[in-house]
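Student: can't give you the sequence, but here's the structure:
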Ligand SMILES: [Zn+2]
């Protein structure tokens, strides 16, 4: 699915899809039956057999200037760190090929945060998969990697550092004309999102389920700092007008605020 925004074309690429690893009520312990009812109405494709069915999505951004950017790198191949819980292998390489993009065409990879389902294809078989790209990785996540997931230091951070492709990102940053990385901390210490042409917010895991659109204050059990995550989510959902491009919802693009008004 593709959208055209200003001088950019943004394509949603689904690396994989599958069930969440625990009952959804465990992920959102404060959600009520009414929250779930409204969330399922808003995003019916995320509900399957009574459970949470996730997409693992990346976004390809192509600018008229010729720049090619990728936001997040999916769950990865058979040996990727996400293999313990996610349905590897993902199909991002085939999705990119279908879009006419070779790995070497990508000049910038933005990693929203250091969780295994967002970094899968960043490094394959010990080498950066996108051979000429710079990788913008949240600096605060790199600093916290031994606490977040020590294995990612060895299989992700170190190979990117060794080739000089690792760019620790600190706070807000313009990475191309109309493409801004914005700090949205809380899900992880340095979690970041991408704002495209002031119109499309590529959220990363600022929100992971439509129940957080119904009530942005709902805590998510897998946020590193739930209070900080809530502040980031509420701040952006309160002020953003345009489109939300999400990693895990059933629908990749959602007009925001919804016509019925803000939740
Ligand atoms: Zn995620």
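Tutor: Ah, there it is. Computed from a predicted structure; not experimentally measured.
Student: my guess is residue 81 contacts residue 154, does it?
Tutor: No. Between residue 81 and residue 154 there is no contact under CB atoms under 8 Å: 9.7 Å. From N, CA and C alone the C-beta is placed, and that goes for glycine too.
Student: Of these two, give the one with the bigger neighbour count.
Tutor: Between residue 81 and residue 154, residue 81 has the larger neighbour count (other CB atoms under 10 Å), namely 22 against 12.
Student: And stretch 171-180, how far out from the chain middle?
Tutor: Relative to the centre of its chain, stretch 171-180 is centred 16 Å away, using CA atoms, centre = their mean, to the nearest Å.
Student: Show me what it is in contact with.
Tutor: 6-8, 61, 63, 65, 67, 69, 108, 110, 136, 181-183, 194-198 (CB atoms under 8 Å, 6 or more residues apart in numbering).
Student: redo that, cut-off 7 Å
Tutor: When contacts are defined by CB atoms under 7 Å, 6 or more residues apart in numbering, stretch 171-180 is touched by residues 6-8, 61, 63, 65, 67, 69, 108, 110, 136, 181-183, 194-197.
Student: and the end-to-end length of it?
Tutor: End-to-end distance for stretch 171-180, by CA to CA, to the nearest Å: 10 Å.
Student: How about stretch 230-246?
Tutor: With CA to CA, one end of stretch 230-246 sits 17 Å from the other.
Student: which parts of this protein sit against the ion?
Tutor: Applying CB under 5 Å from the ion, one finds that the chain approaches the ion through 117, 205.
Student: Point me to the residue sitting closest to the centre of the chain.
Tutor: residue 204 (2.8 Å; CA atoms, centre = their mean).
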